[in-house]
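In: Please find the sequence and the predicted model below.
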Amino acid sequence: MIRRPPRSTLFPYTTLFRSAGLAMATMDIIKLHGGEPANFLDVGGGATAEQVTEAFKIITSDPRVHAILVNIFGGIMRCDVIAEGIIAAAEVLKLKIPIVVRLQGTQVDDAKALIAASNLRILACDNLDEAAKMVVKLSTIVGLAKSAQVDVKFQLPI
């Protein structure tokens, strides 16, 4: 029987990724750094920006989600399309939880430029280990703030 700590001590995040293998690796490295997933979602190889926005609607409907990690290796899936969806989702849904993005692959430079130009609170990381550590830390901060009934706002350095 698996024992889990009481919900109040969990600081869950959610992941958005492309491919089952990437999902398993992402979950493993998050758990290595002390994280606990609330849920995860595979966007598929032909996702559009609109579908990415819909994916964000699904994963943020879970009140246990304290942060979002997007981990994409774009071979078939273009990173700029994912970035457009992330930006649209953050704007349309008025997301207040941290979004950590790790993108590699096709059109990654365009994707990073789109994210940087968006002026949104989207943290871009170049490697999965860095992204995992960041999302676990941010999820912990948000979880602690929620349990103390305190609002947290994030501001990215210029």
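Out: Looks like it came in fine.

In: Please list all residues in contact with the residue lying closest to Thr106 once chain neighbours are set aside.
Out: On the basis of C-beta to C-beta, 6 or more residues apart in numbering, the spatially nearest residue to Thr106 that is not a chain neighbour turns out to be Gly74, at 4.4 Å. Every residue, glycine included, has its C-beta placed from N, CA and C. Applying C-beta atoms under 8 Å, 6 or more residues apart in numbering, we find Gly74 in contact with Arg18, Ile82, Leu103, Gln104, Gly105, Thr106, Gln107, Val108, Ala111.

In: same thing with Ala111?
Out: Contacts were defined as C-beta under 8 Å, 6+ apart; by that measure Ala111 touches Gly74, Arg78, Cys79, Asp80, Ile82, Ala83, Leu103.

In: and the gap between the second one and Ile99?
Out: In this view, Arg78 and Ile99 are 19 Å apart by C-beta to C-beta, to the nearest Å.

In: same deal with the fourth one?
Out: Applying C-beta to C-beta, the value for Asp80 to Ile99 is 16 Å.

In: Comparing these two, which shows the higher neighbour count?
Out: For Asp80 versus Ile99, neighbours defined as other C-beta atoms under 10 Å are more numerous around Ile99 (24 against 20).

In: Is it correct that that one is in contact with Ile68?
Out: Yes: taking C-beta atoms under 8 Å as the contact criterion, Ile99 and Ile68 are neighbours in contact, 4.7 Å apart.

In: contacts for the host helix or strand of Gly143?
Out: Under the criterion DSSP states H and E, the helix or strand holding Gly143 is helix 128-147. With contacts defined as C-beta under 8 Å, 6+ apart, helix 128-147 is touched by 8, 10-13, 25-26, 29-30, 32-35, 66-69, 71, 97-98, 100-102, 123, 125, 151-152, 154.

In: what does the model give Arg4 for pLDDT?
Out: The confidence metric pLDDT takes the value 37 at Arg4.

In: hmm, back to that, what's the ChimeraX line that selects buried ones from the contacts of helix 128-147?
Out: One line in ChimeraX is enough to select the buried members of these, burial here meaning 16 or more other C-beta atoms under 10 Å:
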select :10,11,12,13,25,26,29,30,35,66,67,68,69,71,97,98,100,101,102,123,125,152
